[in-house]
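# need a structure here:
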Amino acid sequence: MKLAWQTATTLLTLFIATVSAAPIARDPPATQPLPRNAVHIALDERTGDYVAFKRDWTYLGRYPAHIEGRNLERRGAPTCTNLTVDEAKTLPGWSKIEDYADTNWGKGSRNIVTNPDDYPDSPALVCTSNTPVNVSFSGQPMCQTNNATVTGNLEGTDGSVSVSVSQGFNASSSFTLQTTSSIGVSSTLGVSIGLPDVGSIGASVTMSTEVTNSQTKSFSASYNDMSTVKLNMKSPDGKDCNAITSVKSCTLQATGKIRYLAQGYIWFNYDSTTKGHYKWAAQIESILTDEDDRSSFANFAGSVDAATAASYKGTCK
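Have a look, this model is predicted:
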């Protein structure tokens with residue numbers, strides 16, 4: 001009996017030593033936001049925590065699910081809006097998202113939702129691209145060149161004359177949506193429009209504007225890089241001095257398309273537990289790695305009016 005007791009004590013001591021020496025997987029601090037590489041999220045409704053995993057199901061930790069204002073994606077609010085379930089179902093790659101959920105959590109009775117009010121830091125969003133939407137010009141531009149004469153002003157008593165002339169480039173545009181995106185419907189989002197460098201304009205520029213994703217909605221964008229410079233000349237014997245500025249104006253027909261991109265989480269809320277939880281969320285961009293699978297486009301057309309002021313010269317006579 002004494003020998004058996006000594007043996008049991010020795011085994012218990014070895015077990016405690018082994019457990020103490022083993023590494024412990026610790027959860028992140030309660031204030032840490034949900035990481036971007038959290039591809040799978042389960043909701044533990046008992047504790048109010050997200051249980052987060054990487055794509056390969058490596059455990060990331062637990063994160064509080066009720067903290068407002070932590071979502072980093074919402075910092076880009078002017079270029080993003082909420083994605084609805086009905087909109088998500090129009091994505092070219094939607095079937096891949098459903099197949100992903102079926103494979104990982106089963107085909108049981110479930111409700112699919114986005115942007116649940118209780119969990120604001122796991123949204124599904126529609127965003128316009130960070131890169132400018134490049135327009136394409138069609139047909140021949142309509143251009144004309146005008147020369148303007150500017151008279152100088154006498155400065156000081158030494159016969160110096162200063163002539164103020166404009167130089168640089170400006171552009172204004174007016175477009176109308178021909179087709180709309182199936183996601184971000186009726187939303188007004190910020191968009192950058194890029195004009196290519198073409199000979200008739202002589203510059204490539206980017207213009208910022210806002211676009212409402214509704215059929216036949218119009219929008220405009222403008223750019224101004226005109227500046228005034230002074231041309232100083234000596235006026236011999238009190239002669240009049242002036243400068244000639246050449247202004248080239250062009251009107252071009254243009255088309256383009258705006259990419260609306262889905263990102264964030266789709267929630268699958270099951271009637272019965274699956275893998276230990278009722279609610280699971282899948283990250284759109286990790287499943288649909290091809291942007292075209294999670295994009296919809298709005299096409300627009302319109303005109304661009306551009307002017308370049310340059311090629312001035314001063315004369316006194």
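# Report the separation between G152 and M226.
Note on G152: its distance to M226, by CB to CB, to the nearest Å, is 20 Å. (Each C-beta comes from the backbone N, C-alpha and C, glycine too.)
# Those two: which has the busier surroundings?
Shown here are G152 and M226; by other CB atoms under 10 Å, G152 has more neighbours (23 against 13).
# Isn't the more buried one up against I244?
No: using CB atoms under 8 Å, G152 makes no contact with I244, being 11.9 Å away.
# And stretch 102-113, what's buried?
105, 110, 113 (16 or more other CB atoms under 10 Å).
# One more: stretch 229-238?
Within stretch 229-238, the residues that qualify as buried are 231, 233, 235, counting by 16+ other CB under 10 Å.
# what does the domain assignment say about the protein?
The chain breaks down by automatic domain parsing into domains covering 37-129+261-295, 133-258+299-316.
# can you redo those as JSON lines with mean pLDDT?
Below are the domains of the chain laid out as JSON lines (pLDDT from 0 to 100):
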{"stretch": "domain 37-129+261-295", "mean pLDDT": "88"}
{"stretch": "domain 133-258+299-316", "mean pLDDT": "85"}
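# Contacts only, for T216.
176-177 (CB atoms under 8 Å, 6 or more residues apart in numbering).
# and it, that's in a strand?
No: T216: not assigned to a strand; according to DSSP: H, G, I helix; E, B strand; the rest coil it is coil.
# before we move on, back to that, make TSV from the buried residues of stretch 229-238 and add distance to T289 and secondary structure to it.
Formatted as TSV, those follow (distance: CB to CB, whole Å; DSSP: H, G, I helix; E, B strand; the rest coil):
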residue	distance to T289	secondary structure
L231	57	strand
M233	63	strand
S235	69	coil
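# right, and out of the residues you listed, which lies closest to F268?
Checking the buried residues of stretch 229-238 against F268 by CB to CB gives L231 as the nearest, at 69.8 Å.
# re the thing from before, list just the nearest of the buried residues of stretch 229-238 to A101.
L231 (69.6 Å).
# Contact partners for the closest residue to that closest one other than its chain neighbours?
Nearest residue to L231, sequence neighbours excluded (CB to CB, 6 or more residues apart in numbering): V163, at 4.4 Å. By CB under 8 Å, 6+ apart, the contact list for V163 reads 150-153, 230-233, 241-243, 314.
# Which members of these are the farthest-apart pair?
T151 and N232 (14.3 Å).
# With adjacent residues omitted, what lies nearest to V205?
Using CB to CB, 6+ apart, the closest residue to V205 is Y223 (4.7 Å).
# which other helices and strands contact the strand or helix carrying the one you found?
Using DSSP states H and E, Y223 sits in strand 218-224. For strand 218-224, the elements it packs on are strand 160-179, strand 205-212, judged by 3 or more CB pairs under 8 Å, 6 or more residues apart in numbering; DSSP states H and E.
# Would you mind confirming that V191 makes contact with T212?
No: V191 is beyond contact range of T212, at 10.5 Å (criterion: CB under 8 Å).
# So for the two, which sits in the more crowded spot?
Taking other CB under 10 Å, V191 and T212 do not tie; V191 has more neighbours (24 against 15).
# hey, where'd the helices end up in the chain?
2-21, 85-88, 94-105, 284-287 (DSSP state H).
# hmm, who's touching the second one?
I take that to be helix 85-88. So helix 85-88 is contacted by 94, 97, 112-114, 124, 126, 182-185, 262, 266, 284 (CB under 8 Å, 6+ apart).
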